[in-house]
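1. Return atomic coordinates for the entry below.
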Amino acid sequence: MIQMDPDITFDDIGSYPLPPDISRDWIAQAAASRQEDERLFRIISQTMEQKIEAGVEVPTYPQFRDMNRQFLDIIDDPERTDEPLLVRDSEANILELEAIAALAGEYRALHGKALKIRVCVTGPVELYQQEFGGTSYGDVLLTIAKSIDRFVKNAINQSSDLEVAVVSIDEPSIGINPQIMHGDEDIIKALTAAGQTAHNNGIDTEIHLHSSLNYKLVCQVPSINVIGVESAANPSYLELVDRSDLIASDTFLRVGIARTDIFGLTATLNEKYNTNVWKEPDRIKEVVTEMETPQVIAARLSSIYKKFGESIRYAGPDCGLGSWPTPDMAQQLLKNTAKGIEMFRQEL
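-> Numbering: from 1, shown residues only. Just a heads-up that it's a prediction; the model follows:
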């Protein structure tokens, strides 16, 4: 019998398909102008409701905007900074948290408690790469990290109806992008600064990596205690991770147990049917009815748990669902994941 660690929590990464009549350009324009907040907030709030209804225990607010520009547009604005690249405290706000404030109030009224959420911020290394590419200015990297920490601080204090249970620092380039010129010491300092406020408040601070190659470096970051690994589509990523390193550094895992690489999944269906399933909605739905089923997801989590046990703290889809064809399909994957985790919890 597997002794289940009851503290494994179902969370999601964030991005999600837009309603069919809404474009990402409109979202970007509305977020920049703040002239259509009522409609924008309704879209964000309704999507958050879909995640909650699907059974996500710690959902990330819907991310419809560019992960870099939503922070850089503020950090780069001299009218909103104390000094170059250091955002002013009063300006370090995440619009999506404002958008779900009313929903959080309704949640508290209904359940008698705050809505637990996962806050996702783009990491300092990723933002630096976007701004400066293959250069290495450690002081600039650290300043960007301090700005990110200010966004986190305001998120934590956003509303008494919201409980920030996890802060995730999204760093897809670490371990993948050969242009990163910073040494380990600079990266450790920057990641430490970006996660400092969350760590000081006793909040789980996760780094979301697209490769586990540099996980040992992250184990040296005192303010980060969870490493996210996209292990559903890439089980070999976990083969790089030695549990003894996690235990020695008091670090935990966030494991991917449902595939989100929709183009890889549909390629399998294209080959099966010798057609383009993107033009055949009934067949593309096989991704969630025949492929990423609760049984498959439960089996993945069971296999990972046998190796890492209580070193697993969070589990959910590999990455965001923004590229998926419809919100309904995305929600079904989340429902399948919830059922898969529940099956695992009841396993033998």
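
2. Look up how far residue 192 lies from residue 206.
-> According to Cβ to Cβ, to the nearest Å, residue 206 and residue 192 sit 14 Å apart. The C-beta positions use only the backbone N, C-alpha and C, and glycine is treated the same way.

3. Name the residue in the two with the higher neighbour count.
-> When residue 206 is set against residue 192 and neighbours are counted by other Cβ atoms under 10 Å, the residue ahead is residue 206, at 27 against 19.

4. Who are the contact partners of the residue lying closest to the more buried one once chain neighbours are set aside?
-> Spatial nearest neighbour of residue 206, excluding adjacent residues (Cβ to Cβ, 6 or more residues apart in numbering): residue 226 at 3.8 Å. Residues near residue 226 by Cβ atoms under 8 Å, 6 or more residues apart in numbering: 166, 204, 205, 206, 207, 251, 252, 253, 254, 313, 314.

5. From what I see, residue 55 and residue 332 are in contact.
-> No. In this structure, residue 55 is not within contact of residue 332 by Cβ atoms under 8 Å, at 11.4 Å.

6. contacting residues around the lowest-mean-pLDDT helix or strand in the chain?
-> Ranked by mean pLDDT, DSSP states H and E, the weakest helix or strand in the chain is helix 281-284, scoring a mean of 92. Contacts of helix 281-284 from elsewhere in the structure, counted by Cβ under 8 Å, 6+ apart, are 266, 269, 273, 275, 277, 278, 325, 329.

7. Filter those down to the ones in strands?
-> With DSSP state E as the criterion, strands contain none of those.

8. Now the buried members of those.
-> Listed as buried from these are 266, 269, 277, 325, 329; burial here means 16 or more other Cβ atoms under 10 Å.

9. got the contact list for the fourth one?
-> Applying Cβ under 8 Å, 6+ apart, we find residue 325 in contact with 17, 262, 278, 281, 284.

10. Give me the below-cutoff pLDDT ranges for the stretch 1-150 of the chain.
-> Scanning the stretch 1-150 of the chain with the threshold set as pLDDT under 70 gives 1-6.

11. just the stretch 201-348 of the chain next, same as before
-> 348.

12. The stretch 1-150 of the chain: strands as residue ranges?
-> 9-10, 81-83, 86-87, 115-122 (DSSP state E, counting those that start in this stretch).

13. now these in CSV, with distance to residue 339 and mean neighbour count?
-> As requested, these are exported to CSV (distance: least, Cβ to Cβ, whole Å; neighbours: other Cβ atoms under 10 Å):
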stretch, distance to residue 339, mean neighbour count
strand 9-10, 10, 20
strand 81-83, 46, 13
strand 86-87, 41, 21
strand 115-122, 20, 24
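
14. could those strands be laid out in a markdown table, adding distance to residue 219?
-> Below are those laid out as a markdown table (distance: least, Cβ to Cβ, whole Å):
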| stretch | distance to residue 219 |
| --- | --- |
| strand 9-10 | 21 |
| strand 81-83 | 32 |
| strand 86-87 | 28 |
| strand 115-122 | 20 |
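
15. nearest to residue 183, of those?
-> Closest to residue 183 of the strands of the stretch 1-150 of the chain, according to Cβ to Cβ: strand 115-122, at 21.2 Å.

16. What helices and strands are in contact with the closest one?
-> helix 69-75, helix 101-111, helix 138-156, strand 162-170 (3 or more Cβ pairs under 8 Å, 6 or more residues apart in numbering; DSSP states H and E).

17. what angle do the last one and strand 115-122 make?
-> For the pair strand 162-170 and strand 115-122, the angle between their directions (axes from the mean of the first three to the mean of the last three Cα atoms, to 10 degrees) equals 30 degrees.

18. Pull out the buried residues from strand 162-170.
-> 162, 163, 164, 165, 166, 167, 168, 169, 170.

19. can you redo these as TSV with distance to residue 69 and pLDDT?
-> Compiled in TSV, the buried residues of strand 162-170 are given as follows (distance: Cβ to Cβ, whole Å; pLDDT from 0 to 100):
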residue	distance to residue 69	pLDDT
162	24	98
163	28	98
164	23	98
165	26	97
166	23	98
167	20	98
168	18	98
169	17	98
170	14	97
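
20. What is the nearest of the residues you listed to residue 152?
-> Checking those against residue 152 by Cβ to Cβ gives residue 167 as the nearest, at 5.5 Å.

21. Specify the beta-bridge partners of the closest one.
-> Per DSSP bridges, the residues bridged to residue 167 are residue 119, residue 205.

22. got the contact list for it?
-> 118, 119, 120, 121, 152, 155, 195, 198, 203, 204, 205, 206.

23. Kindly report the same for residue 115.
-> Counting by Cβ under 8 Å, 6+ apart, residue 115 has contacts 52, 100, 103, 104, 107, 108, 161, 162, 163.

24. And residue 241, by the same measure?
-> Residue 241 touches 212, 215, 227, 229, 253, 308, counting by Cβ under 8 Å, 6+ apart.

25. ok, back up a step: are any of the contacts of residue 325 buried, and if so which?
-> 17, 262, 284.

26. Redo the residues you listed as TSV? Include distance to residue 126.
-> Output for the buried ones among the contacts of residue 325, formatted as TSV (distance: Cβ to Cβ, whole Å):
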residue	distance to residue 126
17	23
262	22
284	31
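
27. sorry, back to before: just give me the closest of the contacts of helix 281-284 to residue 293.
-> residue 329 (13.6 Å).

28. mind putting the contacts of residue 167 in a markdown table, distance to residue 132 included?
-> Shown next, in a markdown table, are those (distance: Cβ to Cβ, whole Å):
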| residue | distance to residue 132 |
| --- | --- |
| 118 | 28 |
| 119 | 25 |
| 120 | 22 |
| 121 | 19 |
| 152 | 22 |
| 155 | 25 |
| 195 | 21 |
| 198 | 25 |
| 203 | 29 |
| 204 | 30 |
| 205 | 25 |
| 206 | 25 |
